[in-house]
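Visitor: fold the stuff below for me.
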Amino acid sequence: MHHVKYGYGPEPMTPFERRTYTVKDALCVKETERALLVESDEIDEGQAWVPLSQVEDGSDVQAEGDEGDLVISEWLALKKGWL
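Guide: Below you'll find the predicted structure:
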């Protein structure tokens, strides 16, 4: 039986870290089971739906009525053209 070792070199592999993007002064005006409708001057259209799966744990904005910094994945920011 062969044992497989993952990673290269003497350093152990670290967990994958997602890159993030912060939308400043965001306000969640509506919440559904899967997404937040967020308003901010940084959003070209004024507001946008953000999937809850893309909202980071440290985000100020997590639910309807929350305001502050909305921290999302960089991938979503790129997809929405915010970066």
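Visitor: residue ranges with poor pLDDT in the protein?
Guide: For the chain, the stretches with pLDDT under 70 are 1-17.
Visitor: if we go to 80?
Guide: 1-18 (pLDDT under 80).
Visitor: spatially central residue in it, please.
Guide: Ile72 (1.8 Å; CA atoms, centre = their mean).
Visitor: tell me which element that residue falls in.
Guide: Element membership of Ile72, judged by DSSP states H and E, is strand 67-73.
Visitor: CA atoms only: put that strand into PDB for me.
Guide: What follows is strand 67-73, C-alpha atoms only, in PDB (Å, rounded to 0.1, in the frame of the first residue of the first chain):
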ATOM      1  CA  GLU A  67     -25.300  48.800   8.000                       C
ATOM      2  CA  GLY A  68     -21.600  49.300   7.800                       C
ATOM      3  CA  ASP A  69     -18.900  47.400   5.800                       C
ATOM      4  CA  LEU A  70     -20.100  44.600   3.600                       C
ATOM      5  CA  VAL A  71     -17.300  42.100   3.200                       C
ATOM      6  CA  ILE A  72     -17.800  39.700   0.300                       C
ATOM      7  CA  SER A  73     -15.700  37.400  -1.800                       C
END
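Visitor: restrict the helix or strand following that strand to CA atoms and write it as CSV.
Guide: Using DSSP H and E, the helix or strand that follows strand 67-73 in sequence is helix 74-79. What follows is helix 74-79, C-alpha atoms only, in CSV (Å, rounded to 0.1, in the frame of the first residue of the first chain):
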residue,chain,number,x,y,z
GLU,A,74,-13.4,39.0,-4.4
TRP,A,75,-14.9,36.7,-7.0
LEU,A,76,-18.3,38.2,-6.6
ALA,A,77,-17.0,41.7,-6.7
LEU,A,78,-15.3,40.9,-10.0
LYS,A,79,-18.4,39.3,-11.4
